[in-house]
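[1] sequence unknown, structure follows:
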Ligand SMILES: [Zn+2]
């Protein structure tokens, strides 16, 4: 097996999943990316399910998209064009559109795109990122991927596709699990010591191809000529956020990616 990010072969086993430990995850010693050995199968289906009304502020299933939008509202003084890849029920699109953003979404084939578009009255395209994306007119000031990156087997292709969707000066906001979060590190240690054993249902198959930490994410960006503008971690417990901004040990990461300095012009 080779690393999905740097192509290196210096990988060490990091942990396994499944009742018999049949799903193996390896960490690259060069770029720190954690890659799952896909030969045992990948389950992307379990994420498409019935979702709540995007207009509902009370439904707890909307809370995580609402928190992402709060971050966007704090960071960007003026609305622009926003694309949410993997927009689900469109809660984030709804909040952004209410604030004046011109929004579009992308969802996997299976009917969700049509449902979300009809409910919100905004364009939601059907496509698989980054492999078979619809042709999108124009470019976006902000491209959002919430918990999408870890499902993509070819990370450099994902970053290249994101870059192609941005306006000059546009940014991308990505959220994904932080494999070096305190919870994750503790669980891995307890499992290694035999003090913890997670139960898996017999039909369990992993859904993540890659797991990132700050180091491997940065490596991915630098390889693609993009820049990490901001990195913070968070968890599913909002009251911990202020602490996690000081000590970035949360189990989830939120990154702002910029395009870096422009290519030098020929002859200068
Ligand atoms: Zn690597």
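    Everything's here; your move. As the structure is a computational prediction, the values presented were derived from the model and not from experiment. Numbering: from 1, shown residues only.
[2] From the chain's centroid, how far away is the longest helix along the chain?
    Taking DSSP state H as the criterion, the chain has its longest helix at helix 63-75. Centroid displacement of helix 63-75 relative to its chain, using C-alpha atoms, centre = their mean, to the nearest Å, is 15 Å.
[3] Same question for stretch 171-191.
    12 Å.
[4] tell me which residues of that stretch are tucked away?
    Neighbour counts using 16 or more other C-beta atoms under 10 Å place 171-182, 184, 188 of stretch 171-191 among the buried residues. Where you see a C-beta, it was placed from the backbone N, CA and C, and this is true even at glycine.
[5] hey, where'd the helices end up in the stretch 51-200 of the chain?
    63-75, 91-98, 112-120, 155-165, 182-192 (DSSP state H, counting those that start in this stretch).
[6] isn't residue 125 right up against residue 108?
    No. Counting by C-beta atoms under 8 Å, residue 125 does not reach residue 108; the two are 10.7 Å apart.
[7] What's the separation between residue 77 and residue 99?
    To residue 99, residue 77 is 11 Å away according to C-beta to C-beta, to the nearest Å.
[8] Those two - which one has more neighbours?
    It is residue 99, of residue 77 and residue 99, that has more neighbours when counted by other C-beta atoms under 10 Å, with 14 against 6.
[9] ok, the more buried one touching residue 79?
    Yes. Here residue 99 reaches residue 79: they are 5.7 Å apart, a contact under C-beta under 8 Å.
[10] quick one, strands of the chain?
    11-17, 23-28, 34-36, 81-85, 102-107, 124-126, 140-146, 166-177, 210-211, 227-234, 252-258 (DSSP state E).
[11] for the lowest-mean-pLDDT helix or strand in the chain, which positions count as buried?
    Scoring the helices and strands of the chain by mean pLDDT, DSSP states H and E places helix 241-246 at the bottom, with a mean of 87. Using 16+ other C-beta under 10 Å as the test for burial, helix 241-246 gives residue 244.
[12] helices and strands around that helix, which ones?
    Helix 241-246 sits against strand 227-234, with contacts defined as 3 or more C-beta pairs under 8 Å, 6 or more residues apart in numbering; DSSP states H and E.
[13] neighbouring contacts of the strand it packs on?
    67, 171, 178, 181, 214, 217-218, 221, 240-241, 244-245, 248-260 (C-beta atoms under 8 Å, 6 or more residues apart in numbering).
[14] Each with direction, which strands does that strand pair with?
    strand 252-258 (antiparallel) (DSSP bridges).
[15] My guess is residue 148 contacts residue 129. True?
    Yes. When contacts are counted by C-beta under 8 Å, residue 148 is listed as touching residue 129 (6.5 Å).
[16] list residues touching both of these two?
    Common contacts of residue 148 and residue 129, defined by C-beta under 8 Å, 6+ apart, comprise 85-86.
[17] OK, contacts around the most centrally placed residue in the chain?
    For the chain, the residue lying nearest the average C-alpha position, counting by C-alpha atoms, centre = their mean, turns out to be residue 147 (3.3 Å). By C-beta under 8 Å, 6+ apart, the residues touching residue 147 are 86, 175-177.
[18] pLDDT score assigned to it?
    Looking at residue 147, its pLDDT reads 96.
[19] what are the phi and psi angles of it?
    With angles defined as degrees, to the nearest 10, residue 147 sits at phi 50, psi 50.
[20] check contacts around the nearest residue to residue 159 once chain neighbours are set aside.
    Closest residue in space to residue 159, ignoring its immediate chain neighbours: residue 224 at 4.2 Å, by C-beta to C-beta, 6 or more residues apart in numbering. By C-beta under 8 Å, 6+ apart, the contact list for residue 224 reads 156, 159-160, 163.
[21] how about low-confidence regions in the chain?
    For the chain, applying pLDDT under 70 flags the ranges 45-49, 263-268.
[22] Tell me the residues on the protein that lie near the ion, please.
    Neighbours of the ion within the chain, by C-beta under 5 Å from the ion: 3, 5-6, 8, 28, 30-31, 33.
[23] List buried members of the contacts of residue 224 by neighbour count.
    Buried among the contacts of residue 224 (16+ other C-beta under 10 Å): 156, 159, 163.
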